[in-house]
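Enquirer: give me the fold of what follows.
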Amino acid sequence: MSSDRDLSSMPDEALVAAAKGGELAAFEELVARHRDKVYARALSILRNEQDAVDLSQEAWIKAWQRLQQFQGDSSFATWITRIVINLCLDHLRRQKRSGAESLEAIEQEVGNIERLMPPVSFNPTAGLERAELQARIWEAMGRLSVAHRTVLILHEFEGMEYRRIAEVMRCSLGTVMSRLFYARRRLAALLADLKNEPDAPKDPS
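Expert: Residues are numbered from 1 along each chain as shown. Predicted coordinates for the structure are as follows:
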């Protein structure tokens, strides 16, 4: 009987198969395993805790509804993460429609200026402990624009290729490259500023 099985020891693939067969407990185990990452990804994009909670819950509902469509071409973790990312981007697009300025035009202007600047060649995070480094990275990420933060997350954390990012964000390949270029430079500069703040630890001399 399924109730006698130790679901916690089963790999995701087996849990997905069981959930497709109608075993709700198997899907609940998948939720327990991956809900923190799903919420963290939503929060990293939206920077709003309540919106992140709402869209994370919506992502799990959609995952259950679409589970039969999941063919295992990627890991379950990748699949559910992409569902929540798409929900977050749709949410941001709805918010953006009320704005009058063109983000694309602004980024093109900024990108032209950035291309004239010398590359960042220093390591702004040298000497920081791992936990502190993670906290400072997320603090810096929060200062990026939604578009720049999202493209950085999709490429660096989710491993998406440029063309896939362009499809997800509904923009051109050139825009993806421009946003990623700017986001990396901006993040490095922000981390350098954070490291030089008075409360930052000093490098050993």
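Enquirer: okay, now the unreliable bits of the chain?
Expert: Residues of the chain that meet the criterion pLDDT under 70 lie in 1-4, 97-131, 133-134, 194-205.
Enquirer: okay, strands next: where are they in it?
Expert: For the chain, applying DSSP state E gives no strands.
Enquirer: going along the chain, name the helices of it.
Expert: Per DSSP state H, the chain carries helices over the ranges 12-20, 24-46, 49-65, 76-96, 103-114, 130-141, 146-152, 162-169, 173-195.
Enquirer: which one of those helices lies closest to Asp6?
Expert: Nearest to Asp6 among the helices of the chain is helix 24-46; the distance by C-beta to C-beta comes to 9.9 Å. For every residue, glycine as well, the C-beta is placed using N, CA and C.
Enquirer: may I see the buried residues of that closest one?
Expert: Residues 26-27, 29-30, 33-34, 38-46 are the ones in helix 24-46 that count as buried (16 or more other C-beta atoms under 10 Å).
Enquirer: for the nearest residue to Met160 once chain neighbours are set aside, the count of nearby residues, please.
Expert: Of all residues not flanking Met160 in the chain, Leu154 sits nearest, at 4.5 Å (C-beta to C-beta, 6 or more residues apart in numbering). The tally of other residues near Leu154 (other C-beta atoms under 10 Å) stands at 25.
Enquirer: now swap in the one 10 residues further on and tell me
Expert: Residue neighbour count, defined by other C-beta under 10 Å, stands at 15 for Arg164.
Enquirer: mind listing what it touches?
Expert: Leu154 (C-beta atoms under 8 Å, 6 or more residues apart in numbering).
Enquirer: domains of this protein?
Expert: Under automatic domain parsing, the residue ranges defining each domain of the chain are 2-96, 103-195.
Enquirer: need phi/psi at the residue lying closest to Arg93 once chain neighbours are set aside.
Expert: Leaving out its chain neighbours, the residue that sits closest to Arg93 by C-beta to C-beta, 6+ apart is Arg170, at 7.9 Å. Dihedral angles of Arg170 (phi, psi; degrees, to the nearest 10) stand at phi 60, psi 50.
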